[in-house]
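In: Okay, here's the prediction I keep looking at, along with the sequence it came from:
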Amino acid sequence: EADIYQTPRYLVIGTGKKITLECSQTMGHDKMYWYQQDPGMELHLIHYSYGVNSTEKGDLSSESTVSRIRTEHFPLTLESARPSHTSQYLCASSESGGGAYSTDTQYFGPGTRLTVL
Amino acid sequence: KNQVEQSPQSLIILEGKNCTLQCNYTVSPFSNLRWYKQDTGRGPVSLTIMTFSENTKSNGRYTATLDADTKQSSLHITASQLSDSASYICVVSDRGSTLGRLYFGRGTQLTVWP
């Protein structure tokens, strides 16, 4: 069982609100990732991090931002939420080694289901 | 274009029956292929991983096969259980120069009925 946590699990907010999705892991992994997943669709990488103070944008353009001040914590922030941001957001982590997108096993959190009205 | 295609999109089987899910990919160069299980409302969990030299890998009632020549993989589930109801995602990793990246399929939604 992977020790990676996401809060909140579900969030319904109004347009224009600022939100932060929390992700934390207790495995000491250097690499962390944020994915966006719509129903019946593939996961899309939106942000990743090699380690503390390292963040990169992924394949899918996203208006969100991330920070990595501590190894175990990788929060994602939307400054002004819009209905187009409605989706499931999955956080993952993996051990060091390999390339930026990592060929190591990624351990996923349970996800945050975001709905913007 | 590097892609991962899965079939069928959805599948319904009766408890106790076997089933096989398919994954075709065009990712090149190839590094490894994983099958993940994603329960509704949860994150994906890795079931198997196969590299270029491996053509079969088992994990309990799950058996994955890989044909790197035809770029096809399958996931066979034996004696299905209600708890097997989930989305099964095929993920292929490339060996890009300095960066390996992951290509995700859209998944096969499996429903097991009692």
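Out: That came in fine, so what should we check first? Remember, predicted model here, so these are calculated numbers, not experimental data. Numbers count the residues shown, from 1 in each chain, chains lettered A, B, ... in the order given.
In: use CA for all of it now, contacts and neighbours both
Out: OK.
In: Which secondary structure element of chain A has the lowest mean pLDDT?
Out: Using mean pLDDT, DSSP states H and E, the weakest-scoring helix or strand in chain A turns out to be strand A:56-57, at a mean of 90.
In: Quickly run through the sheet partners of it, with directions.
Out: strand A:44-49 (antiparallel) (DSSP bridges).
In: Name the spans of chain A whose pLDDT lies under the cut-off.
Out: A:1-2, A:96-103 (pLDDT under 70).
In: Surely residue A:66 touches residue A:78?
Out: No - Residue A:66 is beyond contact range of residue A:78, at 9.1 Å (criterion: CA atoms under 8 Å).
In: out of the two, which sits in the busier spot?
Out: Higher neighbour count among residue A:66 and residue A:78: residue A:66, with 22 against 18, using other CA atoms under 10 Å in any protein chain shown.
In: so who does the spatially closest residue to the more buried one that is not a sequence neighbour touch?
Out: Nearest non-adjacent residue to residue A:66, counting by CA to CA, 6 or more residues apart in numbering or on different chains: residue A:76, 4.6 Å away. Residue A:76 sits next to A:20, A:21, A:22, A:23, A:34, A:64, A:65, A:66, A:67 when contact means CA atoms under 8 Å, 6 or more residues apart in numbering or on different chains.
In: Quick check: the farthest pair among those?
Out: Spanning the widest gap among these are A:23 and A:64, at 14.3 Å by CA to CA.
In: So between these two, which is more surrounded?
Out: In this view residue A:23 and residue A:64 are compared by other CA under 10 Å, and residue A:23 has more residues nearby, 26 against 17.
In: Go ahead and flag the most central residue of chain A.
Out: Residue closest to the average C-alpha location in chain A (CA atoms, centre = their mean): residue A:34, at 2.6 Å.
In: Not counting the helix or strand harbouring that one itself, show me its contacts.
Out: Assigned by DSSP states H and E, residue A:34 belongs to strand A:31-37. By CA under 8 Å, 6+ apart, the residues outside strand A:31-37 that reach it are A:43-51, A:74, A:76, A:87-96.
In: Do a quick rundown of the strands in the chain.
Out: Just so you know, I chose chain A. For chain A, the strands defined by DSSP state E cover A:4-7, A:10-13, A:19-25, A:31-37, A:44-49, A:56-57, A:65-66, A:76-78, A:87-94, A:107-108, A:112-116.
In: oops, chain B please
Out: B:4-7, B:10-14, B:19-25, B:30-38, B:45-51, B:56-59, B:62-67, B:72-77, B:86-94, B:102-104, B:108-113.
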